[in-house]
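Novice: got a predicted structure here, sequence first:
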Amino acid sequence: MTHPVEVTDLTMQYGPLVVMRDLTFTIERGEVFVIMGGSGSGKSTLLKYLVGLRDAPSGTVRINGEELAASDRDARRRNLRRIGVLYQGGALWSGLTLAENVALPLEELSELDADSIAEVVELKLALVGLRGYGGFYPSAISGGMRKRASLARAMALDPDVLFFDEPSSGLDPISASRLDDLIRALADSFGTTIVVVTHDLASIFRIADRALFLDISQRTMTALGDPATLRDTPPNDEVRRFLTRDSGSST
Amino acid sequence: MHARTAPAAPDRAAADLHSHGDRIVAVLSGTWQLEETTSRFDRLLASSSSASPRSIAFETAALGPWDSSLLIFLRQGQSYCEANDVAFDTTGLPARITALLALATPVPERVLETEAPAPSRVAQLGLAGLAAWDSASSALAFLGEVADSLLRLLTGQVRMQWRTFWVVVQSNGSGALPIVTLIALLVGVIIAFLGAVVLQRFGAGYYVSYLVGYGMLREMGALMTGIIIAGRTGAGFAAELGSMKVTEELDAYSTLGISPVDQLVLPRVLGLFVMMPLLVVYADLVGILGGMGVAIALIDLTPTQFIGGLLSAVSLSDALLGVFKATIFGLIIGFAGCMQGLRTGSDASAVGRSATSAVVLGITLIILANAIVDWLAALWLI
Ligand SMILES: Nc1ncnc2c1ncn2[C@@H]1O[C@H](COP(=O)(O)OP(=O)(O)O)[C@@H](O)[C@H]1O
Ligand SMILES: [Mg+2]
């Protein structure tokens, strides 16, 4: 069986700016995998490479065994159907209601008829705790609800890999931990592979099976493993400081 | 920070340096306020009697209320000491000040920087050339994408986003009428005015109707409507799509394998393609009415005379030429607006830049296209 995500010798760059290089890791099916690192270390950028929004200048990214970048339109579409992405701000389409947001991927990419689509939409919204909110527009609901609605949209086509960018940013602690529970439940109950970009320590320890650390000073990954183990036996000082919230000033 | 209440006898801030061998003791006293200028600590130290001090200590028994000015003063001394290898002994300072000084001492924070050296002038020129080439070829690629999307629409592989289409139709229909009416009317009036002034000199005032007819139908109706819609709708498209880019709504399409061109560009471009000709026919009529008003008021033509003259002057092909231009302009505006919107960078100010460049690009292309169509029409004697 192929790995859901397989990254080999990836270099990430924006023009002349090399963000990270020599990234090599594989994500196991069904695990919650956290990509952590300081602000500006390239976490969101890595996510863009993983989901095929950017093409790697060197190295390969395989999703379910296939390279998104190299595949033709139909293969790419087929492969994209199997992943879902939850963007930092939710990125719900503002001109559509929540139900329409969830329905659009089904209408565009599945063969379901209108009645079945309505049922799927109803179920997905209920799963994220938004039963009855289908008729609302994104601007009319709170940030936490928006993220959950966006999760419902990401889950619309029953993807087997879900990517989250900073799920807890901008949320109050209760909404954030609710989302964490949802993430954990998706992995445990549906067996969905989940990749989370975050720098929220509470989330990391709560949800992660394994975590990858992007070190801005080395421009590469410097740790990979179970977060509690990394904290107790840190492989280097940057990781220790990150996982113990040590700002480095002696006072 | 300390409240800046003036004490009973506000004595001025002062720092007196006392040398004890290679050790300097700075005695700080008085009320330190930002509004009152004190001399710089580093200058004081540089000009102090002790030739090469090894350390600096402080005495603050007489120090009154203080604010940021004292911190600024101390940091000047601190950096002087760092530069000259002098020990900066803060033990004599109140704890609150040492705590603030420690906060202001930077813990190095990492930001990514480009490793390669900055390109030279010549290289920059080359890079600018490459960027221009890139943007031209990406414009062509975008044109290809839109054409491909249109083809797939015609072959039934794309679901048309009717809702967006109707929004565009509506906003460029009834929504655009007031401004189009105003501008077209004025343009008709201006043409007739010019004609009246010039032609009456030769006793040819009657021919104002020719001028208004030709001017509005062949040129000004389409051109002015195009410019208005480029400024109004083209900028709107760019801003709409640009803000969708910033909020990652466009990425959300891409990662679902849904083409943003199918979803967003196609209905907008088609909406304008349909509405522009209608708007131009309307603008033509309004402009001719405006011209007729002037002709009646200034050169005593009757409406029948004016319309008779106009009809004998222009033919259907003149009107069709204007309408043909309008469809081209509609495509250009939709294309330029959507392209700049999709190309937007990832911050809010980029949205403004996109809207601006959509208008500039739209108007430039419209005027260029107008000239080309006129030239071809002259070649083919239309
Ligand atoms: N679109 C872009 N163009 C150029 N540089 C970018 C762009 N997006 C991000 N960067 C730079 O890449 C680095 C990593 O950014 P990002 O992936 O957003 O970090 P993180 O998500 O870890 O905070 C930063 O230095 C940022 O300035
Ligand atoms: Mg980020």
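Specialist: Ah, there it is. Ligands and ions are numbered 1, 2, ... in the order given.
Novice: only C-alpha atoms from now on, for both contacts and neighbour counts.
Specialist: OK.
Novice: does stretch A:201-215 reach ligand 1?
Specialist: No: Stretch A:201-215 does not reach ligand 1 (CA under 6 Å from any ligand atom); its nearest approach is 8.3 Å.
Novice: ends of that stretch, what's the gap?
Specialist: Taking CA to CA, to the nearest Å, stretch A:201-215 runs 16 Å from one end to the other.
Novice: again with stretch B:150-169
Specialist: 18 Å.
Novice: got the contact list for that stretch?
Specialist: With contacts defined as CA atoms under 8 Å, 6 or more residues apart in numbering or on different chains, stretch B:150-169 is touched by A:108, B:149, B:262-264, B:266-268, B:270-272, B:274-275.
Novice: I'd like these as JSON lines, with pLDDT appended.
Specialist: As requested, the contacts of stretch B:150-169 are arranged in JSON lines below (pLDDT from 0 to 100):
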{"residue": "A:108", "pLDDT": "88"}
{"residue": "B:149", "pLDDT": "94"}
{"residue": "B:262", "pLDDT": "94"}
{"residue": "B:263", "pLDDT": "94"}
{"residue": "B:264", "pLDDT": "96"}
{"residue": "B:266", "pLDDT": "96"}
{"residue": "B:267", "pLDDT": "96"}
{"residue": "B:268", "pLDDT": "97"}
{"residue": "B:270", "pLDDT": "96"}
{"residue": "B:271", "pLDDT": "96"}
{"residue": "B:272", "pLDDT": "96"}
{"residue": "B:274", "pLDDT": "96"}
{"residue": "B:275", "pLDDT": "96"}
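Novice: which of those are buried, as a PyMOL select command?
Specialist: Selection of the buried residues among those in PyMOL, burial being defined by 16 or more other CA atoms under 10 Å in any protein chain shown:
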select buried, chain B and resi 149+262+263+264+266+267+268+270+271+272+274+275
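Novice: among the contacts of stretch B:150-169, which are in helices?
Specialist: A:108, B:149, B:266-268, B:270-272, B:274-275 (DSSP state H).
Novice: can you redo the residues you listed as JSON lines with distance to residue A:84?
Specialist: Formatted as JSON lines, these follow (distance: CA to CA, whole Å):
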{"residue": "A:108", "distance to residue A:84": "15"}
{"residue": "B:149", "distance to residue A:84": "24"}
{"residue": "B:266", "distance to residue A:84": "25"}
{"residue": "B:267", "distance to residue A:84": "26"}
{"residue": "B:268", "distance to residue A:84": "27"}
{"residue": "B:270", "distance to residue A:84": "31"}
{"residue": "B:271", "distance to residue A:84": "32"}
{"residue": "B:272", "distance to residue A:84": "34"}
{"residue": "B:274", "distance to residue A:84": "36"}
{"residue": "B:275", "distance to residue A:84": "38"}
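Novice: for the stretch 251-382 of chain B, which residue gets nearest to ligand 1?
Specialist: Closest residue of the stretch 251-382 of chain B to ligand 1, CA to the nearest ligand atom: residue B:346 (6.1 Å).
Novice: coming back round to it: closest to residue B:217 out of the contacts of stretch B:150-169?
Specialist: residue B:275 (16.8 Å; CA to CA).
Novice: I figured the closest one hits residue B:172, correct?
Specialist: Yes: using CA atoms under 8 Å, residue B:275 is in contact with residue B:172, at 6.5 Å.
Novice: quick check: bridge partners of residue A:163?
Specialist: residue A:85, residue A:195 (DSSP bridges).
Novice: low-confidence ranges, chain B, go.
Specialist: Residue ranges of chain B with pLDDT under 70: B:1-10, B:49-51, B:106-109.
Novice: domain-wise, how is it divided?
Specialist: B:2-104, B:146-379 (automatic domain parsing).
Novice: ligand 1 contacts on the stretch 101-250 of chain B?
Specialist: residue B:112.
Novice: which residues in the stretch 101-250 of chain B form strands?
Specialist: With DSSP state E, counting those that start in this stretch as the definition, the stretch 101-250 of chain B shows no strands.
Novice: the stretch 1-150 of chain A now?
Specialist: Counting by DSSP E, counting those that start in this stretch, the strands of the stretch 1-150 of chain A are A:5-14, A:17-27, A:32-37, A:58-63, A:66-67, A:83-86.
Novice: the second one pairs with which strands, and in what direction?
Specialist: By that I understand strand A:17-27. In the sheet, strand A:17-27 lines up with strand A:5-14 (antiparallel) (DSSP bridges).
Novice: now stretch B:56-64: buried residues?
Specialist: Quick answer for stretch B:56-64 (16+ other CA under 10 Å): B:56-59, B:63-64.
Novice: now distance to chain A too, for those, in TSV please.
Specialist: Output for the buried residues of stretch B:56-64, formatted as TSV (distance: CA to the nearest CA, whole Å):
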residue	distance to chain A
B:56	22
B:57	20
B:58	21
B:59	23
B:63	25
B:64	26
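Novice: show me those that map onto strands.
Specialist: B:56-59 (DSSP state E).
Novice: give me the neighbour count for the one residue in the stretch 101-250 of chain B that gets nearest to ligand 1.
Specialist: Of all residues in the stretch 101-250 of chain B, the one sitting closest to ligand 1 is residue B:112 (4.9 Å; CA to the nearest ligand atom). Neighbour count for residue B:112, taken as other CA atoms under 10 Å in any protein chain shown: 15.
Novice: I'd guessed it sits against residue A:38; true?
Specialist: No: assessed by CA under 8 Å, residue B:112 is found out of contact with residue A:38, at 11.3 Å.
Novice: next, show the common contact partners of these two.
Specialist: residue A:216.
Novice: what is the end-to-end distance of stretch B:104-123?
Specialist: Note: stretch B:104-123 ends 40 Å apart using CA to CA.
Novice: and it, anywhere near chain A?
Specialist: Yes: interface with chain A: stretch B:104-123 contributes B:107, B:110-116 (CA under 8 Å from any CA of the partner chain).
Novice: how far is that stretch from where the chain is centred?
Specialist: Offset of stretch B:104-123 from its chain centre (CA atoms, centre = their mean, to the nearest Å): 27 Å.
Novice: ok, residues contacting it?
Specialist: Here stretch B:104-123 has contacts from A:16-19, A:40-41, A:216-217, A:248-249, using CA under 8 Å, 6+ apart.
Novice: next one: whichever strand or helix holds residue B:378 to chain centre, how far?
Specialist: Per DSSP states H and E, residue B:378 falls inside helix B:348-379. Helix B:348-379 sits 16 Å away from the centroid of its parent chain (CA atoms, centre = their mean).
Novice: for stretch B:237-251, same thing?
Specialist: With CA atoms, centre = their mean, you get 15 Å for stretch B:237-251.
Novice: can I get the CA coordinates of that stretch in PDB?
Specialist: Provided in PDB are the C-alpha atoms of stretch B:237-251 (Å, rounded to 0.1, in the frame of the first residue of the first chain):
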ATOM      1  CA  PHE B 237     -13.700  42.000 -11.300                       C
ATOM      2  CA  ALA B 238     -10.100  42.500 -10.300                       C
ATOM      3  CA  ALA B 239     -10.900  43.500  -6.800                       C
ATOM      4  CA  GLU B 240     -13.400  40.700  -6.300                       C
ATOM      5  CA  LEU B 241     -11.100  37.900  -7.600                       C
ATOM      6  CA  GLY B 242      -8.100  39.600  -5.900                       C
ATOM      7  CA  SER B 243      -9.700  39.500  -2.500                       C
ATOM      8  CA  MET B 244     -10.700  35.900  -3.100                       C
ATOM      9  CA  LYS B 245      -7.000  35.300  -3.700                       C
ATOM     10  CA  VAL B 246      -6.100  36.900  -0.500                       C
ATOM     11  CA  THR B 247      -8.600  34.900   1.500                       C
ATOM     12  CA  GLU B 248      -7.400  31.700  -0.200                       C
ATOM     13  CA  GLU B 249     -10.800  31.100  -1.800                       C
ATOM     14  CA  LEU B 250      -9.100  30.700  -5.200                       C
ATOM     15  CA  ASP B 251      -6.700  28.100  -3.700                       C
END
